[in-house]
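1. Fold the following for me, if possible:
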Amino acid sequence: MNRRALLSLIGGASLLTVAARAQQKPMPVIGLLSGTSPGAYVPFVAAFHQGLGDTGYVEGQNVAIHYGWAEGHHERLPALAAELVGRKVDLIPAVGGDVSALAAKRATSTIPIVFANGADPIADGLVASLSRPGGNVTGATFIAAELAAKRLELLSELVPQAEVIALLVNPNNPNTERIIRDSQEAARAKGVQLAILKAGTEGEIDAAFAALGQLHAGALVIGGDAVFANQRTQLLSLTSRYAVPTIFDFVEFAAAGGLISYGASIAAAFRQAGTYAGRILKGEKPADLPVTQPTTFELVINLKTAKALGLTVPPSLLARADEVIE
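-> Here you go, the predicted structure:
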């Protein structure tokens with residue numbers, strides 16, 4: 001082969017390479033938005049990655065992920081959401097509280113949004129219905145706010161001597177009034193007084209626990225909120241320091257030393273959100289993907305913590321527990 005023919009062949013091959021590269025789709029980019037901090041949500045983000053992996057997407061290989069963490073400062077969410085929209089991401093997973101999903105929805109009506117939170121997405125205005133979400137939003141809910149009354153009932157059964165039960169809520173949560181209303185009804189039915197404590201920051205949480213003695217509260221219900229999930233270590237430390245029997249919303253609390261928890265799996269909701277994210281990246285529309293809800297709720301009791309608090313767990317409650325930590 002002469003030099004001119006060889007150069008012609010190389011040149012033709014180069015043109016084919018350029019054309020092939022031009023036809024390759026760029027790596028899709030996800031912009032994860034959360035009102036929490038990354039440290040507290042490591043296992044849940046891992047579950048999201050598992051869901052993505054179920055659809056064939058692996059971060060760094062065929063999908064890129066930008067992370068926007070509000071670190072518990074919900075006022076930062078609008079700016080973080082706007083930044084992700086400005087990056088022209090292909091999809092926004094909005095996790096760590098309904099405030100994240102609401103901020104994302106206000107920022108864009110075209111970029112697909114997948115949420116994983118414990119609120120009512122219809123009441124919040126995120127979707128038109130669970131079966132047919134419509135618009136650009138869908139996701140998975142683990143139903144946290146709706147279980148406040150059930151948690152108070154369980155705690156009253158575990159600590160029957162408590163005449164006053166405190167409820168810790170975040171005043172910045174859109175579902176707070178509903179949590180208070182449902183808990184008040186449950187308290188009346190159980191014949192106990194309900195004391196409301198409001199906290200949305202680390203310092204306010206400390207102050208709320210310091211007020212327990214003045215309220216003569218014999219037990220405490222932690223209202224479902226992303227801020228409280230983010231402050232898991234602080235809450236567990238305070239419940240131990242003040243020796244107050246406390247019920248939490250998720251198994252992670254009881255597994256880490258909390259007395260009792262009742263709720264659905266956050267990790268399962270995050271994995272479902274990851275699966276939906278992958279399906280949307282493959283071409284499905286959020287409007288056609290129904291919002292998923294949990295079908296089971298776990299009651300977990302930590303007997304070691306109960307013993308440290310001098311509590312005897314009723315056999316009837318132990319019999320209903322899905323897991324007993326000894």
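
2. With adjacent residues omitted, what lies nearest to A187?
-> Distances taken as Cβ to Cβ, 6 or more residues apart in numbering put L194 closest to A187, at 3.9 Å, once the chain neighbours are dropped. (Each C-beta comes from the backbone N, C-alpha and C, glycine too.)

3. now do F48
-> G274 is the one closest to F48 (Cβ to Cβ, 6+ apart), at 4.1 Å.

4. follow-up on the earlier one: quick one, what contacts the residue nearest to A187?
-> 152, 164-167, 183-184, 187 (Cβ atoms under 8 Å, 6 or more residues apart in numbering).

5. And the helices in the chain?
-> 3-23, 42-54, 77-86, 98-107, 148-158, 176-190, 202-210, 212-215, 226-230, 232-241, 251-255, 266-281, 303-308, 315-320 (DSSP state H).

6. contacting residues for the closest residue in space to T275 that isn't next to it in sequence?
-> Spatially, and ignoring its direct neighbours in sequence, T275 is nearest to G51 (4.0 Å; Cβ to Cβ, 6+ apart). By Cβ under 8 Å, 6+ apart, the residues touching G51 are 270-278.

7. give me that answer again for 6 Å
-> Contacts for G51 (Cβ atoms under 6 Å, 6 or more residues apart in numbering) come out as 271, 274-275.

8. any chance of the residues you listed in a markdown table, with distance to S34 too?
-> Shown next, in a markdown table, are the contacts of G51 (distance: Cβ to Cβ, whole Å):
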| residue | distance to S34 |
| --- | --- |
| R271 | 16 |
| G274 | 14 |
| T275 | 18 |
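
9. Between those residues, which sits nearest S129?
-> T275 (20.3 Å; Cβ to Cβ).

10. Tell me, please, the helix or strand in the protein that averages the lowest pLDDT.
-> helix 3-23 (a mean of 43; mean pLDDT, DSSP states H and E).

11. I301 contacts A321, doesn't it?
-> Yes. I301 is within contact range of A321, at 4.8 Å (criterion: Cβ atoms under 6 Å).

12. Pick out whichever of these two has more residues nearby.
-> A direct count of neighbours by other Cβ atoms under 10 Å for I301 and A321 places I301 higher, at 25 against 18.

13. List the residues that contact the more buried one.
-> Neighbours of I301 in contact, by Cβ under 6 Å, 6+ apart: 260, 313, 321, 324.
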